[in-house]
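Q: Sequence plus the predicted model coming up.
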Amino acid sequence: MSHTAPSPRAARVTLAVLTAINLLNYLDRYVVPPIAPDLKSAMALSDAQLGWLVPAFMIVYTLTAPVFGAWGDRGSRTRPIAIGIFIWSLATVLSGLAHSYPQLLAGRALVGIGEAAYVAIAPALLADCFPAASRGRVYAVLNMAIPVGSALGYVLGGLIGQHLGWRAAFLIAGAPGMLLAFAVLWLPDPPRGSQDEAAAAPAAARAAGPLAVYLALMRRSPYGVIVLGYAAYTFALGGLAFWMPSFLERVRGVAPAEATTGFGAIVIVTGFVGTFIGGWLSDYFLKYSRQAYLWVSGVATLLAAPFALLALTAPAPALYYPGIVLAELLLFMSTGPINAAIVNTVSARERASAIALSMFAIHLLGDVPSPALIGHLSDSSGLGHAVLIVPVAIAIGGAVWLAAARLGARAPPAAGA
C-alpha cells in the first residue's frame with residue numbers, strides 16, 4: 001500500500017485501468033443473452049434453465065459484496081480487486097469449457113463472486129486517488145463503461161457466437177480480464193482519506209468489526225436514505241431494461257428487431273452522454289453546495305418521471321421515442337453523482353463497506369424483483385398497465401434523494417470524508 005496520495009498521472013492511470021475493467025465487467029454480464037439460443041440447442045436446455053443463468057450470477061454477486069466490502073476497508077484494496085477480476089475471468093473461460101448445465105450454472109455463479117470484489121472496492125480506491133471536488137466526473141468516467149460494455153457484450157457475443165460458436169464467445173470475453181488482473185497489482189493504494197480534508201477516521205470506526213459497521217450504516221442518515229432512493233431508482237432502471245423491448249413490440253407494434261436494436265442504441269447513447277453530463281454538472285455545483293451530488297441526482301431523476309410516463313402512454317412514435325430518450329438521458333445523469341454522494345457521506349474507512357451494502361440493497365430491493373413484479377402485474381392487467389409502476393418508482397427515487405440532500409445539509413461531514 002502506498003503511504004502518500006498518488007500523483008495526478010498515477011491517479012489517471014488507475015482510473016483508466018479500472019474503467020477498462022468495468023467495461024469488461026459489463027461485457028461479460030451481457031455476453032450470455034445473444035448466445036442463449038446456441039446454449040439452449042447445444043445443451044438441450046429449457047427456457048427455465050436458461051433463465052436461471054442471470055439470477056445465479058446476481059444472487060451470488062449480491063450476497064458476496066458485503067464480504068469484499070469489509071475486506072476492502074481493512075487491508076490492501078488492489079489485491080482483492082485483482083483476485084476478483086481473475087476469478088470472474090477464469091469463471092467466464094470455464095463457462096466456455098462447460099459440458100453440462102450444472103457446470104455452466106456454476107461458472108456463471110462464480111462470475112458473481114469476482115465481480116462483487118471489483119464493484120465493492122474500486123469506487124473506494126478511486127476516492128483516495130482524486131480530490132472530493134472531482135469525484136462526480138471520476139465516477140462518471142468509470143460508469144460510462146456500463147452502456148458501452150453492455151452493448152459490446154451483445155454485439156461481440158452475437159458476432160463471435162455466430163462465426164466461431166458460443167464457446168469462443170466465453171473464451172474471448174474472459175481472457176482479457178486475466179491480464180488486467182495482474183495490471184491492478186501495480187496500481188497505487190493510497191492511505192484511506194488521503195484526498196479528504198479530515199483524513200483520520202474516529203478510533204471507534206477503525207476498531208469496529210464488519211458486522212458492526214454494516215449495522216451502523218443501516219441506522220445512519222443520510223446514507224440509509226440515499227440507498228433507499230437508489231433502490232427505487234434501480235427498480236425503475238431494471239424494469240425498463242428488461243421489459244421495454246417487449247413493451248415496444250407487444251403494446252406499440254414495433255418490429256422485434258427494431259424494438260431490440262432501437263432501444264439498445266438509445267441506451268448506449270443516452271448512457272454515455274447522460275453519465276458524462278451528470279458528472280460534470282454535479283462537480284460544477286459542488287462549489288455552491290456540498291450536497292450538489294444529491295441535488296443533481298434528485299432533480300434529474302424527478303424530471304425523468306414525466307418523460308418516462310410519456311414514453312409508456314403516448315401512442316405515436318413521434319412522442320414515445322423522444323420520451324424514452326429524455327427519460328433515459330436524465331436517469332443516467334445520476335450514475336456518477338450518486339456514487340460520489342455515497343462515498344462522501346461516510347468516513348474514508350467505511351467506503352468499501354458502504355458501497356457493498358448499497359449494492360446488496362439496491363439489487364435485493366431493485367432490479368432483482370422489478371422484472372418479476374412487472375411480469376406478474378402484466379399477467380393480471382396487461383403489460384401496458386404493468387409498466388406504469390416504473391414512473392412511480394422513478395419519482396419516489398428522485399423525491400427520496402432530495403430529502404437526503406436536505407438531511408445531509410443539516411448533518412456534519414463524515415470524518416475522513
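A: Thanks, I have the structure now.

Q: wait, Pro131 sits on Gln195?
A: Yes: the pair Pro131 and Gln195 qualifies as a contact (CB atoms under 8 Å) at a distance of 5.2 Å. Every C-beta, even on glycine, is put in place using the N, C-alpha and C of the backbone.

Q: okay, these two: which has more neighbours?
A: Comparing Pro131 with Gln195 by neighbour count (other CB atoms under 10 Å), the higher total belongs to Gln195, at 22 against 13.

Q: how much space between the more buried one and Ile21?
A: Distance, Gln195 to Ile21, by CB to CB, to the nearest Å: 21 Å.

Q: go on, Pro317?
A: Distance from Pro317 to Ile21, by CB to CB: 38 Å.

Q: The two: who's more crowded?
A: When Pro317 and Ile21 are compared for neighbours, Ile21 comes out ahead with 28 against 13, by other CB under 10 Å.

Q: contacting residues around the more buried one?
A: Taking CB atoms under 8 Å, 6 or more residues apart in numbering, we find Ile21 in contact with 85, 118, 122, 177, 180, 184.

Q: Now do stretch 42-62: everything it contacts.
A: 29, 32, 36, 39-40, 100-101, 104-105, 108-113, 115-116, 166, 359-360, 363-364, 368.

Q: Trp295 contacts Tyr288, doesn't it?
A: No: if you go by CB under 8 Å, Trp295 and Tyr288 don't touch, sitting 9.2 Å apart.

Q: Quick one: neighbours of Gln103, just the number.
A: 13.

Q: That one in helix, strand or coil?
A: Three-state call for Gln103 (DSSP: H, G, I helix; E, B strand; the rest coil): helix.

Q: can you tell me the distance between the two ends of stretch 19-39?
A: 30 Å (CA to CA, to the nearest Å).

Q: just to revisit the earlier point, drop anything exposed from the contacts of stretch 42-62.
A: Neighbour-count burial (16 or more other CB atoms under 10 Å) applied to the contacts of stretch 42-62 gives 29, 32, 36, 39, 101, 104-105, 108-113, 115-116, 166, 359-360, 363-364, 368.

Q: In helices only, show me these.
A: In helices, judged by DSSP state H, the following of the buried ones among the contacts of stretch 42-62 are found: 29, 32, 36, 39, 101, 104-105, 108-113, 115-116, 166, 359-360.

Q: Okay, now the unreliable bits of the stretch 1-150 of the chain?
A: Counting by pLDDT under 70, the ranges of the stretch 1-150 of the chain that qualify are 1-3.

Q: same thing but 90
A: 1-8, 25-41, 44-63, 70-76, 112-115, 119, 132-133, 143-150 (pLDDT under 90).

Q: Helices of that one, residue ranges please.
A: In the stretch 1-150 of the chain, helices defined by DSSP state H, counting those that start in this stretch lie at 8-29, 32-43, 47-51, 53-72, 78-96, 101-127, 135-164, listed in chain order.

Q: Save the ones you listed as JSON lines, and put in distance to Val299 too.
A: Supplementary listing: these in JSON lines, determined by distance: least, CB to CB, whole Å:
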{"stretch": "helix 8-29", "distance to Val299": "26"}
{"stretch": "helix 32-43", "distance to Val299": "33"}
{"stretch": "helix 47-51", "distance to Val299": "37"}
{"stretch": "helix 53-72", "distance to Val299": "29"}
{"stretch": "helix 78-96", "distance to Val299": "33"}
{"stretch": "helix 101-127", "distance to Val299": "23"}
{"stretch": "helix 135-164", "distance to Val299": "14"}
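
Q: Figure out which of these is closest to Leu383.
A: Proximity to Leu383 (CB to CB) singles out helix 47-51 among these, at 18.0 Å.

Q: quick one: Pro191 and Asp128 touch, right?
A: Yes: in this structure Pro191 lies within contact range of Asp128 using CB under 8 Å: 7.0 Å.
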